[in-house]
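S.K.: Sequence plus predicted model, see below.
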Amino acid sequence: MKISIVTPVFNRATLMHKSLQSSLALVNAGIAAELVVIDDASTDDTVQQLQQAYSAEIKDGRIKFSTLPVNLGVAGAKNAGAALATGDWLIFMDSDDWFVKDAVPAMIEVLRQQQHYDVVFFRCQDQKQQQLIGAEVPATDISLKTLLNGGTPGECLPVVKRQTMLAHPYPTRLRGSEGLTYLQILKAGGCIHLSDLVVREYEDAALERLSSRAGLRKRAGALCLHNLCLLCYLPQASVKTALGWFLRIGYYGFWFLLNKLKGR
C-alpha cells in the first residue's frame, strides 16, 4: 500500500512549514512514499522558500514540487497533485494543518483494513484547544443519502484512492466544492467510510478559510453554482435539505450580483 500526501499552497510563505515538516516526517519514516506540493501560482515568495528550504528533498524525490502557471483554486491544485502523485491512497493535507503524530500508525492500519473503500474520512481537532471538531460519532459507512442530507460530523481529513480521484476529479471551475466529488463517487457506486480516529489538527479560525464568512461571500458565484449542481440529487434529498439549497441559491445569488456591482 503506497501513500502520497498532497498539499496545495498559495501565498503560504510564512505558514506552510509546520504542515510540510509534519508530512515530510511521515515520508522520512517510510510511512508515506512522497509529499506532493502544488504551488497555485503564488504571488509572494512561497516558491523561493520551498526551493531553498527543501532543495535536498525535492532533488531526491521525497518532495514532488510543481507550480501552476495560473491560479486554479484549491480544487484545481488538488487535481494537479493527484495527477502528479504515484500513491494508491492520496491524503489531502492543507498547508496550515498537520498530523496528530501519535495517531498516524492507527490511521495506516485503518487504511489497510478499508482498502475496498474509495474514500476514508478521518476526524480533526482544532489546533488551539485540541478538541474534536463536530459531534463524536462511531465509525460508520456513509451512504449517498446520509452525506447529502447530513454531511460529515464536522471537518474531516479526506483520504482518497488515486484511481477514484482521477475518475472523479474535484470541480476546478468551482475552486472548491470537494463535496460534489464525494457525492459523484457514491452515485457511481463507490464506497465511503467515516473513521472515528482523530488524525489532523485543523486551523478552523483562519480568516482566509474558504468557510469563513468573508471567504464565502467572496466565492458567492461559485457557491451559487454549487447549490445549483446539488439539484440533480433532489430525489434523495429531504424537504429540509432541498429548502436549504434553494435558500442558499438565493442568498449567494444576491451576493454574486452585489460583488459584480462593486466590481469584485
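M.R.: On my side now, so go ahead.

S.K.: make it CA atoms for all contacts and neighbour counts henceforth
M.R.: Fine.

S.K.: Report the beta-bridge partner residues of the most centrally placed residue in the chain.
M.R.: In the chain, the C-alpha nearest the mean C-alpha coordinate belongs to residue 92, at 5.3 Å (Cα atoms, centre = their mean). Beta-bridge partners recorded for residue 92 (DSSP bridges): residue 6.

S.K.: domain ranges for the protein?
M.R.: 3-202, 213-261 (automatic domain parsing).

S.K.: Comparing these, which comes out most buried?
M.R.: domain 3-202 (a mean of 18; mean count of other Cα atoms under 10 Å).

S.K.: Name the nearest residue to residue 255, sequence neighbours excluded.
M.R.: residue 220 (5.8 Å; Cα to Cα, 6 or more residues apart in numbering).

S.K.: As JSON lines, the domains of the chain with mean pLDDT would be great.
M.R.: Listed next are these as JSON lines, based on pLDDT from 0 to 100:
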{"stretch": "domain 3-202", "mean pLDDT": "96"}
{"stretch": "domain 213-261", "mean pLDDT": "90"}
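
S.K.: Quick check: phi and psi on the closest residue to residue 120 other than its chain neighbours?
M.R.: Using Cα to Cα, 6+ apart and skipping the chain neighbours, the partner closest in space to residue 120 is residue 193 (4.8 Å). Main-chain torsions, residue 193, degrees, to the nearest 10: phi -120, psi 140.

S.K.: do the same with residue 190
M.R.: phi -70, psi 170.

S.K.: cool, the one 5 residues further on as well?
M.R.: Torsion angles at residue 195 (phi, psi; degrees, to the nearest 10) stand at phi -90, psi 150.

S.K.: what's the closest non-adjacent residue to it?
M.R.: Nearest non-adjacent residue to residue 195 (Cα to Cα, 6+ apart): residue 139, at 4.6 Å.

S.K.: give the contact list for the residue nearest to residue 120.
M.R.: With contacts defined as Cα atoms under 8 Å, 6 or more residues apart in numbering, residue 193 is in contact with 117, 119-121, 139-142.

S.K.: Dump these into a markdown table; add distance to residue 9 as well.
M.R.: Formatted as a markdown table, the contacts of residue 193 follow (distance: Cα to Cα, whole Å):
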| residue | distance to residue 9 |
| --- | --- |
| 117 | 28 |
| 119 | 23 |
| 120 | 23 |
| 121 | 22 |
| 139 | 31 |
| 140 | 32 |
| 141 | 31 |
| 142 | 30 |
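
S.K.: could I get stretch 10-18 in PDB with only the CA atoms?
M.R.: What follows is stretch 10-18 as a C-alpha-only set of coordinates in PDB (Å, rounded to 0.1, in the frame of the first residue of the first chain):
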ATOM      1  CA  PHE A  10      -0.900  29.600  -2.300                       C
ATOM      2  CA  ASN A  11       0.900  32.600  -0.700                       C
ATOM      3  CA  ARG A  12       1.900  30.500   2.300                       C
ATOM      4  CA  ALA A  13       5.500  31.500   2.600                       C
ATOM      5  CA  THR A  14       5.200  32.100   6.400                       C
ATOM      6  CA  LEU A  15       2.500  29.500   7.200                       C
ATOM      7  CA  MET A  16       3.300  26.200   5.400                       C
ATOM      8  CA  HIS A  17       6.500  24.900   7.100                       C
ATOM      9  CA  LYS A  18       4.900  23.200  10.100                       C
END
